[in-house]
Structure formats: structure tokens, C-alpha cells
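Asks: Here is my input; please provide its structure:
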Amino acid sequence: MKNIFPAIAIILCILLNGCKTIAVGNKALTVIEEPISLGGIIDFESTVSKNLINVRTVPNYKNRIKLSAFSIEFNKKAFKNYKNAVANQSIVSQDSTLKDSVQSISNYIYLSIQDKLDLIEAINGEENSNVVAYLKLNHKSKVVDEIAVVFSDEETRSIQKAEEVFLYKMGIDSYGLHLYTDSKLTSTVLFNNAVVFAFSASFFCWQGERESDLKIVDLSDARHPCPENTYSKARKAIKKVDLYDF
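Replies: Numbers count the residues shown, from 1 in each chain. Take a look at the predicted model:
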């Protein structure tokens with residue numbers, strides 16, 4: 001896996017609304033100090049001094065979700081944000097081994113949902129009907145589809161060597177990574193002691209012929225509105241359908 005380095009951020013988020021970001025390639029990820037899960041549903045609010053996150057739930061992803069994974073060398077800003085996250089995430093801050101290794105960390109992992117169609121299909125699944133019901137009423141909720149995260153040195157090396165990386169359900173409510181090389185499972189990486197210090201999230205785009213079959217059909221963000229004939233608010237899609245329902 002190739003090593004990539006952050007470029008200059010193209011989104012002036014700090015100037016626009018006060019949120020803190022780091023550059024990952026040509027993207028700007030929002031800095032956080034609280035634990036967060038890739039694939040989780042969140043409510044997010046940015047203030048002048050801090051980014052506030054309320055984690056609502058993590059959908060049941062019964063099938064694996066393909067990810068993109070890159071190892072990125074820390075710059076000073078990203079490393080400072082990582083240390084702040086370590087200090088605020090109690091599971092890590094209580095682990096003396098991890099605390100002692102903070103200064104020796106040189107790389108973090110950027111993970112993003114590569115197969116968003118599989119993600120959408122999973123959220124629309126019957127096993128997540130309660131999640132969809134919640135999202136219909138809460139259009140500001142988003143799904144976390146990109147994270148900057150630090151694993152142990154050994155786990156980072158395993159991810160760097162992997163040809164394919166998948167988000168995989170490990171237990172009732174636990175998720176981790178399955179790493180593949182030559183189509184063979186070579187390693188499993190848990191998020192138990194990982195430190196997520198930045199993220200990006202997308203909102204949902206809705207479509208349906210009737211309220212009963214209203215579903216999520218796409219993901220989008222503030223820079224890219226929902227495609228034509230899809231809506232970021234479920235009730236707008238319902239009203240559009242009702243207009244022609246004679």
C-alpha cells in the first residue's frame with residue numbers, strides 16, 4: 001500500500017464556521033476528541049471552540065463493507081490533534097503502554113467507505129428498520145464514512161501490507177477490520193484500543209414511490225447536494241410523491 005501525505009486543505013472550514021480540520025490529501029476531515037465508529041450514525045454540531053458529536057447508533061452491517069485504507073505520515077497539526085484525542089478517550093488514556101507509545105507514533109491510517117452501495121443496502125435492510133425510522137425523522141443525522149485513526153505499530157504494518165480491507169462485524173455490537181492478501185484473510189484488527197481523531201460524514205438522500213417503500217438511495221455532503229429527484233429530507237420525498245398521487 002502506498003504512503004500518501006497531506007496536502008493543503010481546500011475547505012476553509014475554520015473561517016466559515018469555526019470547526020477544526022486536518023488535510024488528508026485533497027480532503028478536509030473534522031477533528032474530534034470523542035470516540036467515534038466508522039459506519040456509525042451521528043448528530044454533529046460545530047461551535048467556535050469545539051466540535052460536538054452525539055453518537056446515535058451503529059447500524060447492523062451483517063455483511064462486510066469494503067474500505068479504502070492509506071497510511072499517512074503525521075504532520076505537526078495532525079499529531080497535536082491525535083494527542084488531544086488520546087488524552088480525552090478514557091480507554092486509551094488508562095492504558096500505560098499506549099500512553100508511553102504516543103510520542104513514537106509516526107503514521108496514522110485513513111479509512112473510508114469504498115463501496116457505498118453496499119453501505120446503503122445494509123442500512124436499508126430489514127435488520128436496520130429502526131435506524132431508517134429514526135433517520136426519516138432526523139434529516140441532520142449523518143453516517144461516518146471516513147476516519148483518521150491510529151492503531152498499534154503491529155496493526156498499522158498489517159494494514160499497510162493488506163491488498164484489501166473490510167469493515168466486519170465481530171460480535172453483537174463490535175466491529176473491526178478484516179485484512180486480505182491474495183484473496184485470503186491474513187489478519188483481524190479490532191478498534192478496541194484504536195484512537196480516532198478526525199472524521200468526515202455524509203447525509204442521506206431519499207427516494208420512494210410511496211411512504212411505505214421510501215428508502216435511502218445515495219449519500220452526499222455539503223459540497224455535493226443530493227442527485228436530481230432525491231431529497232436530503234425524507235418528508236420532502238414523500239410530499240413530492242403525494243403531489244402526483246391522484
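Asks: next SSE after the helix or strand bottoming out on mean pLDDT in the chain?
Replies: The weakest-scoring helix or strand in the chain, judged by mean pLDDT, DSSP states H and E, is helix 13-17 (a mean of 41). Counting by DSSP states H and E, the element after helix 13-17 in chain order, helix or strand, is strand 21-24.
Asks: Counting by contacts, list what the following helix or strand past that next one packs against.
Replies: Counting by DSSP H and E, the next helix or strand C-terminal to strand 21-24 is strand 27-31. With contacts defined as 3 or more Cβ pairs under 8 Å, 6 or more residues apart in numbering; DSSP states H and E, the secondary structure elements packing on strand 27-31 are strand 21-24, strand 142-150, strand 195-207. C-beta here means a position set from N, CA and C on the backbone, and glycine is covered the same way.
Asks: Show me the one of those that comes nearest residue 134.
Replies: Closest to residue 134 of the helices and strands packed on strand 27-31 is strand 195-207 (Cβ to Cβ; 11.1 Å).
Asks: Tabulate the CA atom coordinates of that closest one in CSV.
Replies: Coordinates of each C-alpha in strand 195-207 appear next as CSV, following Å, rounded to 0.1, in the frame of the first residue of the first chain:
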residue,chain,number,x,y,z
VAL,A,195,-7.8,6.2,18.5
VAL,A,196,-9.9,8.1,16.0
PHE,A,197,-9.1,11.8,15.9
ALA,A,198,-10.7,13.1,12.7
PHE,A,199,-13.7,12.1,10.5
SER,A,200,-16.0,13.0,7.7
ALA,A,201,-19.7,12.1,7.4
SER,A,202,-22.3,12.2,4.7
PHE,A,203,-26.0,12.8,4.9
PHE,A,204,-28.7,10.6,3.3
CYS,A,205,-30.6,11.1,0.0
TRP,A,206,-34.1,9.7,-0.1
GLN,A,207,-36.5,8.4,-2.8
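Asks: Residue 45 pairs with what?
Replies: Beta-bridge partners recorded for residue 45 (DSSP bridges): residue 52.
Asks: Let me see the ranges of the strands in this structure.
Replies: 3-4, 21-24, 27-31, 41-46, 51-57, 65-73, 107-113, 142-150, 164-169, 175-181, 184-190, 195-207, 215-220 (DSSP state E).
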